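> Sequence first, then the predicted structure, then my questions.
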Amino acid sequence: TDTVITKLLGGRSSQSVALTALAVITTTAPSGQSSAFISLEVMEQGDSSDRTEASDIGVDLFPSALGKKEYWDSHYVKELDNFTEFGDSGENWFGESCMKRILKYIFSLHLSKNTAVLDVGCGNGVMLTEGLYPEGFKNMVGWDYSTAAIDLAKRISSNAGATEILFEVRNILEVDLLPSFDLIHDKGTFDAISFDSSQRVTYAEKISSLLLPSGRLILTSCNWTEKELKHIFQDASVLLEDVGTVAHPSMQFGGQCGQTVSTVVFRKKKKEYWDSHYVKELDNFTEFGDSGENWFGESCMKRILKYIFSLQLSKNTAVLDVGCGNGVMLTEGLYPEGFKNLVGWDYSTAAIDLAKRISSNAGATEILFEVRNILEVDLLPSFDLIHDKGTFDAISFDSSQRVTYAEKISSLLLPSGRLILTSCNWTEEELKHIFQDARVLLEDVGTVAHPSMQFGGQCGQTVSTVVFLKKSC
């Protein structure tokens, strides 16, 4: 093994454990590999955290082999050979104990086992195969730009029977996909990317675009302090805010105290995302008459409407659509069938502006659209039917907010009123458990069936709809 000593530029250290402007990191260099690309220079003592300014973050670091695809291809070809010959899954970057601490944090979130997880720069894939899969997580994807790494990850997951995990050769800096993930994990990939300051911004933009509203990025680095990571994402002007850290063992070096690695948790801002989204949809409606996206698809909305019509409710039934977005559930779904006592709430002003424009254009002026946050309302029971398609998903990353949501919904429903709740994150059983645990006067009385699909030998639905009834007492 070689002791790798990495010097950063800009007159500051990257890790506050350094006596000087050095970060000292010990890794295992692959056999035959030289670490001659690393340089060492002793500099003036000082606490790096005092000198970390936003302007420092734009500085480029010395070029490193760790930022080259050729290095990783060569590395994982050797690890694949080792796995084939000895069954050794290879290196767990930053150590197994680091991975365990991150997993402990993830499990503390009490996420649905259907949570969409992406591991960026997954390498051998052990975070997914050995960390999350045994705990029941199935909706997982691993990306790496090294073909050899993905070949190794596939071999390891297949050997473990974790065939549901999807491993793909992708470069995070080049992807162009819609928001798809509730949780993104990165342990070391940003380090390799961040030698180039422009790529740091691109990385932040790509991650932000891939996360669903309220989705989390768990980012672990051995090159950057927590404070520096927060500055980088702040300067990138993306819709990510730091919401916590994962503690790692501290150490002292030269009188300075710090961690060998830093883990910062970022969350996709909800309201800012939706405001930005609906401003664009409002522009599209103004210019082209396009009412915008129908979340989970039009066929999903039609199945829910079919269930509602099967109840043969009075046309005077008081209906609330929580997180109504563009309001099409009310304007295009219920209003044409004679329902008139309709209310739509969304905490995005832009969404309500769009919903009002669409309903006015359709002549559905009786529908009342209001800017309201379901977690903050304090009203008497007023509704016979409450509909939610996706709003609970955005709220439910915070376990305390799940309870608040259940309490607010229960307080708004009249006795024998119904909540029709549709989620792409939670299974039917998980939704039932959440409301059962919240100890509110709601009991599940049915479901709406959606098309099933098979993935990796498992069968399930792309979305789940559970119907809850307000108990009389």
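Structure's in. What do you need? Numbering: from 1, shown residues only.
> Just the residues contacting the helix or strand containing residue 153, thanks.
Using DSSP states H and E, the element containing residue 153 is helix 147-159. Applying Cβ atoms under 8 Å, 6 or more residues apart in numbering, the external contacts of helix 147-159 come out as 72-73, 75-77, 79-80, 83-84, 87, 89-90, 122-126, 128-129, 133, 142, 144, 163, 165, 167-169. Using the backbone N, CA and C atoms, a C-beta is placed for each residue, glycine as well.
> which ones among those are found in helices?
Using DSSP state H to define helices, the subset of these located there is 72-73, 75-77, 79-80, 83-84, 126.
> Of those, grab the buried ones for PyMOL.
A single PyMOL command selects the buried members of these (16 or more other Cβ atoms under 10 Å):
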select buried, resi 72+75+76+77+79+80+83+126
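> now the ones in helices among the contacts of helix 147-159 in TSV, with distance to residue 466 and pLDDT?
Listed next are the ones in helices among the contacts of helix 147-159 as TSV, based on distance: Cβ to Cβ, whole Å; pLDDT from 0 to 100:
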residue	distance to residue 466	pLDDT
72	44	75
73	47	79
75	47	79
76	43	83
77	48	83
79	44	82
80	44	79
83	43	79
84	46	77
126	35	97
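> burial of residue 250, as a residue count?
11 (other Cβ atoms under 10 Å).
> if I read this right, it contacts residue 259, doesn't it?
Yes. Applying Cβ atoms under 8 Å, one finds residue 250 in contact with residue 259, separated by 5.5 Å.
> Give me the distance between the closest residue to residue 323 other than its chain neighbours and residue 113.
Among residues not flanking residue 323 along the chain, residue 391 sits closest, at 2.9 Å (Cβ to Cβ, 6 or more residues apart in numbering). Look at residue 391 and residue 113: by Cβ to Cβ, to the nearest Å, they are 21 Å apart.
> same check, this time on residue 264
Residue 264 is 25 Å from residue 113, where distance means Cβ to Cβ.
> which one of the two has more residues nearby?
When residue 264 is set against residue 113 and neighbours are counted by other Cβ under 10 Å, the residue ahead is residue 264, at 23 against 15.
> in stretch 240-257, what counts as buried?
By neighbour count with 16+ other Cβ under 10 Å, stretch 240-257 contains the buried residues 240, 242, 245-246, 248, 253, 256.
> Please disregard the earlier target; I meant stretch 221-233.
Buried residues in stretch 221-233, counted by 16+ other Cβ under 10 Å: 221-226, 228-233.
> Off-centre distance for stretch 441-458?
Taking the mean C-alpha point of stretch 441-458 and that of its whole chain, the gap between them comes to 22 Å (Cα atoms, centre = their mean, to the nearest Å).
> Next: stretch 147-161.
The offset between the C-alpha centroid of stretch 147-161 and the centroid of the whole chain comes to 24 Å, using Cα atoms, centre = their mean.
> ok, the nearest residue to residue 143 once chain neighbours are set aside to residue 128 distance?
Here the nearest residue to residue 143 in space, its sequence neighbours aside, is residue 170; by Cβ to Cβ, 6+ apart that works out to 4.2 Å. Using Cβ to Cβ, one gets 15 Å for the distance from residue 170 to residue 128.
> Same drill for those two, tell me which one is more crowded.
In terms of neighbours (other Cβ under 10 Å), residue 128 is the more surrounded of residue 170 and residue 128; the figures are 26 against 19.
> Give me the local confidence score for residue 443.
We have a pLDDT of 95 for residue 443.
> which SSE is residue 94 in?
Under the criterion of DSSP H and E, residue 94 resides outside all helices and strands.
> Can you verify my assumption that it contacts residue 220?
Yes. In terms of Cβ under 8 Å, residue 94 counts as a neighbour of residue 220; the distance is 6.5 Å.
> who's more crowded, those two?
In terms of neighbours (other Cβ under 10 Å), residue 220 is the more surrounded of residue 94 and residue 220; the figures are 25 against 22.
> How about the secondary structure of the more buried one?
At residue 220, secondary structure determined by DSSP: H, G, I helix; E, B strand; the rest coil is strand.
> Next one: it relative to residue 262, how far apart?
With the distance defined as Cβ to Cβ, residue 220 ends up 7 Å from residue 262.
> what do you get for residue 164?
If you measure residue 164 against residue 262 using Cβ to Cβ, the figure is 31 Å.
> Between these two, which is the more surrounded one?
Under the neighbour definition other Cβ under 10 Å, residue 164 and residue 262 were set side by side, and residue 262 has more, 24 against 16.
> which strands and helices sit next to whichever strand or helix holds residue 104?
For residue 104, the enclosing helix or strand under DSSP H and E is helix 96-108. For helix 96-108, the helices and strands in contact under the criterion 3 or more Cβ pairs under 8 Å, 6 or more residues apart in numbering; DSSP states H and E are strand 181-187, strand 211-221, strand 240-246, strand 262-268.
> ok now the second one, how far from the chain's centre?
The chain centroid and the centroid of strand 211-221 are separated by 5 Å, computed with Cα atoms, centre = their mean.
> Give the rounded mean pLDDT of that strand.
Looking at strand 211-221 alone, the average pLDDT works out to 93.
> who does it touch, helix- and strand-wise?
In terms of contacts (3+ Cβ pairs under 8 Å, 6+ apart), strand 211-221 is packed against helix 96-108, strand 181-187, helix 189-193, strand 240-246, strand 262-268, helix 270-288, helix 391-395.
> Of those, which is nearest residue 352?
With respect to residue 352, and counting by Cβ to Cβ, the nearest of the helices and strands packed on strand 211-221 is helix 270-288 at 8.5 Å.
> Tell me the helix or strand right after the closest one.
Per DSSP H and E, the first helix or strand lying C-terminal to helix 270-288 is helix 298-310.
> Alpha carbons only: can I get the next helix or strand after that following helix in CSV?
The element immediately downstream of helix 298-310 (helix or strand, assigned by DSSP H and E) is strand 319-322. C-alpha atoms of strand 319-322 as CSV (Å, rounded to 0.1, in the frame of the first residue of the first chain):
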residue,chain,number,x,y,z
VAL,A,319,-64.6,17.7,-2.3
LEU,A,320,-61.1,18.8,-1.5
ASP,A,321,-58.1,18.1,-3.8
VAL,A,322,-55.0,18.4,-1.6
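> Pretty sure residue 111 sits against residue 182.
Yes. At 7.3 Å, residue 111 counts as touching residue 182 under the criterion of Cβ under 8 Å.
> what about these two, which has more around it?
Taking neighbours as other Cβ under 10 Å, residue 111 and residue 182 compare with residue 182 leading, 27 against 22.
> All set, thanks.
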